[in-house]
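Colleague: When you get a sec, could you give me coordinates for this:
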Amino acid sequence: MGRPLFSIITITFNAAGTLPATLRSVERQTFTDYEYLIVDGASTDGTIAIAQHSAAVSSVTSEPDKGLYDAMNKGLRKARGCYLVFLNAGDAFHEPDTLQKIADSIEKTDPDIVYGETALVDSERRFISMRRLQAPERLSVKSFRMGMLVCHQAFIVRREIAPEYDLRYRFSADFDWCIRCMQMAKTITHTHEVLIDYLNEGVTTANRKASLRERYEIMCRYYGTLPTFLRHLWFAVRFAFARFSGRE
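Modeller: Alright, predicted model coming up:
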C-alpha cells in the first residue's frame, strides 16, 4: 500500500462524550486518502469501544502515557501519511469537503505547511464565533511573535519536516512545535478556508496561567527576552484600553 496523503491523529483520554462528533466529521469527508489514528491514554469510560466502531478509524492504541504531548509523539511516530493533521477529541472538520479543500491546496503548491481559519463551537456544535486570533495572509516564524495566530488543528504539516513535541512544555508544546515546523518549512500555503470547528470548553484558570507562562518562555527563546517583554507590555496597555472603552 502507498502512503496516504493525510495522517489524522486524535488523542483521547476518557473522551466518550466528545469523541463521537470528531469521528462523525472524519467519516463524512468526501476525500478519503487518509489514515485515522486514535492514540488513547488508557481510558476507562468507553472511549475505546466508540473509536473501534468507527469505519473511518485505521488504528486504535490505548496505553498509559506521560500526558497530551507524549501521546502526540506516539501518534507522530506511528503516522505514515505525507501530512499530519492533529484533531482533538471534540474538534471537527468544518465541512464534509474540508480535506478535499486542503488536498486541492497541496496539489497546487506542494507546501511544507498548509493552514486556515478556525471557528469556535459549543458542546451542541453551535457556532459561537471565529477564533479571536485570525490566520495571517502570510505565515512565517515571525508571525508567532504576536501569539499563536493559527490554531494547531488548522496547521497541517508535511510529516518529513515535523519534529517531536518538546515534553519540557506541559501546556504549550504545540506553540513551540509550530514554530520549529515553520523554521524547517520552505513553502507555507494559506487555504483561505475555515478548516476546523474548535470545541470551546474553556480551560481552568491554573492551566491557562501555566500555558501563558510557557508561551512567554517560548517567545523569549525564539524572539528575544527584551522584545518579548516590550511586546507584552504593549499587549497589556492595549487590553486595558479596550476594557476601559468597553470594546473588550
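Colleague: Could you use CA atoms for every contact and neighbour count after this?
Modeller: OK.
Colleague: Within the sheet, what are the partner strands of the longest strand seen in the chain, with directions?
Modeller: For the chain, the longest strand by residue count, based on DSSP state E, is strand 188-199. When pairing is defined by DSSP bridges, strand 188-199 lines up against strand 92-93 (antiparallel), strand 113-121 (parallel).
Colleague: Buried residues in that strand, which are they?
Modeller: The neighbour-count check on strand 188-199 (16 or more other Cα atoms under 10 Å) flags 188, 189, 190, 191, 194, 195, 196, 197, 198, 199 as buried.
Colleague: Could you list which residues are in contact with residue 131?
Modeller: 117, 118, 119, 120 (Cα atoms under 8 Å, 6 or more residues apart in numbering).
Colleague: next helix or strand past the longest strand of the chain?
Modeller: Once strand 188-199 ends, the next helix or strand along the chain (criterion: DSSP states H and E) is helix 205-223.
Colleague: can you give me the helices in this structure?
Modeller: Per DSSP state H, the chain carries helices over the ranges 19-27, 47-52, 68-78, 98-109, 173-184, 205-223, 225-244.
Colleague: Adding mean neighbour count, distance to residue 9 and mean pLDDT, write these out as JSON lines.
Modeller: What follows is the helices of the chain, written out as JSON lines (neighbours: other Cα atoms under 10 Å; distance: least, Cα to Cα, whole Å; pLDDT from 0 to 100):
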{"stretch": "helix 19-27", "mean neighbour count": "20", "distance to residue 9": "11", "mean pLDDT": "98"}
{"stretch": "helix 47-52", "mean neighbour count": "18", "distance to residue 9": "12", "mean pLDDT": "97"}
{"stretch": "helix 68-78", "mean neighbour count": "19", "distance to residue 9": "6", "mean pLDDT": "97"}
{"stretch": "helix 98-109", "mean neighbour count": "16", "distance to residue 9": "14", "mean pLDDT": "97"}
{"stretch": "helix 173-184", "mean neighbour count": "20", "distance to residue 9": "14", "mean pLDDT": "98"}
{"stretch": "helix 205-223", "mean neighbour count": "16", "distance to residue 9": "22", "mean pLDDT": "89"}
{"stretch": "helix 225-244", "mean neighbour count": "13", "distance to residue 9": "32", "mean pLDDT": "77"}
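Colleague: Quick one: those as TSV, columns for distance to residue 85 too.
Modeller: Shown next, in TSV, are the helices of the chain (distance: least, Cα to Cα, whole Å):
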stretch	distance to residue 85
helix 19-27	11
helix 47-52	17
helix 68-78	10
helix 98-109	10
helix 173-184	12
helix 205-223	22
helix 225-244	30
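Colleague: Residue 145 is nearest to which of the ones you listed?
Modeller: helix 205-223 (6.6 Å; Cα to Cα).
Colleague: Please save the CA atoms from that closest one in PDB.
Modeller: Taking C-alpha atoms only, helix 205-223 is exported to PDB below (Å, rounded to 0.1, in the frame of the first residue of the first chain):
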ATOM      1  CA  THR A 205      -7.500  29.300  35.400                       C
ATOM      2  CA  ALA A 206      -4.500  27.400  36.700                       C
ATOM      3  CA  ASN A 207      -3.800  25.700  33.400                       C
ATOM      4  CA  ARG A 208      -4.500  28.900  31.500                       C
ATOM      5  CA  LYS A 209      -1.900  30.800  33.600                       C
ATOM      6  CA  ALA A 210       0.600  28.000  33.200                       C
ATOM      7  CA  SER A 211       0.100  27.900  29.500                       C
ATOM      8  CA  LEU A 212       0.700  31.600  29.200                       C
ATOM      9  CA  ARG A 213       3.800  31.400  31.200                       C
ATOM     10  CA  GLU A 214       5.100  28.700  29.000                       C
ATOM     11  CA  ARG A 215       4.300  30.700  25.800                       C
ATOM     12  CA  TYR A 216       6.100  33.700  27.200                       C
ATOM     13  CA  GLU A 217       9.100  31.500  27.900                       C
ATOM     14  CA  ILE A 218       8.900  30.100  24.300                       C
ATOM     15  CA  MET A 219       8.600  33.600  22.800                       C
ATOM     16  CA  CYS A 220      11.700  34.700  24.800                       C
ATOM     17  CA  ARG A 221      13.600  31.700  23.500                       C
ATOM     18  CA  TYR A 222      12.800  32.400  19.800                       C
ATOM     19  CA  TYR A 223      12.300  36.200  19.700                       C
END
